[in-house]
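*Asks:* Give me a model of this one.
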Amino acid sequence: MLKLGVNIDHVATLREARYRDDRYSINVEPSPKTAADLTIAGGADSITMHVREDLRHLQPEDARAIKSSVSVPINLEMGLTQELIDFALELSPDDVCLVPEHRQEVTTEGGLNVTTNFAAIKSCTKTLQNAGILVSLFIDPDLKAIELAADIGAAKIELHTGQFANTEPDSQARADSLERLDEAACLAHSLGIIVNAGHGINYHNIEDILTLPHLNELNIGHSIISRSIAVGLTAATAEMKALMESYTVTS
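*Replies:* As a prediction, this is how the structure comes out:
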C-alpha cells in the first residue's frame, strides 16, 4: 500500500508568525504536536518535519515533543550541517531526508546537488546509518544523481516533484515531467533504492503522480494544511489517503 507522510512545517510557520519571540506564552497556537496527532487520526503513516538551520518554523523542542509522543515513524528533513547531524543523532528519528537549504528560499526549491556534495553526503549518510537511521536523499529526477545516491549507499530517495507540479494539466511539459519521474523511479528501484516522492503534490495533480511506478511513500504538507482550513486536519488527511487507495505497487 502506498504510504502518506504528512509534513507539518506549515503549522509551525503559522505559530511563528505571531509567537516567534514568545513561544511559551499561554496563548501560543497552533501546536505542531497537536497537528501531528490530528493527521495520524486521519491516516498519516508517518510525520515529516523539517528542522532548518535558520529555525524559521519547527524548533528542536517541537521535534523532540513529537518524536516522544507519536506512534508512527518520524522523517526528519535537514540540511547538511554538523549541528543538524548532531541533532539527528540525539533525536534518533526513523528516517532522515537530506535536503538542500538556502536562506533566501521560501521552501525547498530543488534537489540536492549530489555531484558537488558527494563526499559530505556520503560521510553524513554513513554516520547516520551507523546510528540505525535510514537515510533518504531529496533529489531531482536526474539519472546521474540516482546513480550517485546508490554509490553513497542511501536506502531511499525522495524524488522532487516540484517541476511536475508547476506544469499545466494535459500539457506536453507535464507529460515530459512525468516521463522523467518514471525513468528515475525505475532506475532507483533497479538499484535497490526505495522510492518516495514529494513537493507540490496536491488533491488535483496526485492523479498523475499515481501513474508512476515503484512508489513507497508520498510526502505532502502544504496542500493538506491548506485543505484543513476548510475541513480540519484529520479530514484533510483522510481525503488524501482515500485518493491514494487506487495505487497499485509495482514489483
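*Asks:* pull the CA atoms of the helix or strand C97 falls within into CSV?
*Replies:* For C97, the host element (DSSP states H and E) is strand 95-98. Listed in CSV are the C-alpha atoms of strand 95-98, where the atom choice follows Å, rounded to 0.1, in the frame of the first residue of the first chain:
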residue,chain,number,x,y,z
ASP,A,95,14.4,8.4,8.7
VAL,A,96,16.5,11.4,7.8
CYS,A,97,15.9,13.0,4.4
LEU,A,98,18.9,15.2,3.4
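*Asks:* I'd like to know which elements that strand is packed against.
*Replies:* Applying 3 or more Cβ pairs under 8 Å, 6 or more residues apart in numbering; DSSP states H and E, we find strand 95-98 packed against strand 74-78, helix 118-130, strand 134-139, strand 156-160. (Each C-beta comes from the backbone N, C-alpha and C, glycine too.)
*Asks:* which of the ones you listed is buried the deepest?
*Replies:* Mean neighbour count (mean count of other Cβ atoms under 10 Å) peaks for strand 156-160 among the helices and strands packed on strand 95-98, with a mean of 27.
*Asks:* Neighbouring strands of that strand in the sheet, and parallel or not?
*Replies:* Strand 156-160 has the following sheet partners, assigned by DSSP bridges: strand 134-139 (parallel), strand 194-198 (parallel).
*Asks:* Out of the helices and strands packed on strand 95-98, which is closest to D9?
*Replies:* The closest of the helices and strands packed on strand 95-98 to D9 is strand 74-78. By Cβ to Cβ, the value is 8.2 Å.
*Asks:* For Y19, see how far away the most far-flung residue of the chain relative to its centre is.
*Replies:* Most distant from the centre of the chain: I26, at 30.6 Å, with distances by Cα atoms, centre = their mean. As judged by Cβ to Cβ, to the nearest Å, I26 and Y19 stand 11 Å apart.
*Asks:* Also Q129?
*Replies:* 37 Å.
*Asks:* Same check on T125?
*Replies:* 35 Å.
*Asks:* Low-confidence regions, the stretch 151-251 of the chain specifically.
*Replies:* Filtered on pLDDT under 70, the stretch 151-251 of the chain yields the residue ranges 251.
*Asks:* what about 90?
*Replies:* 248-251 (pLDDT under 90).
*Asks:* can you check the stretch 1-150 of the chain too?
*Replies:* Residue ranges of the stretch 1-150 of the chain with pLDDT under 90: 19-27, 55-56, 101-111.
*Asks:* Try it again at 50.
*Replies:* Filtered on pLDDT under 50, the stretch 1-150 of the chain yields the residue ranges 105-106.
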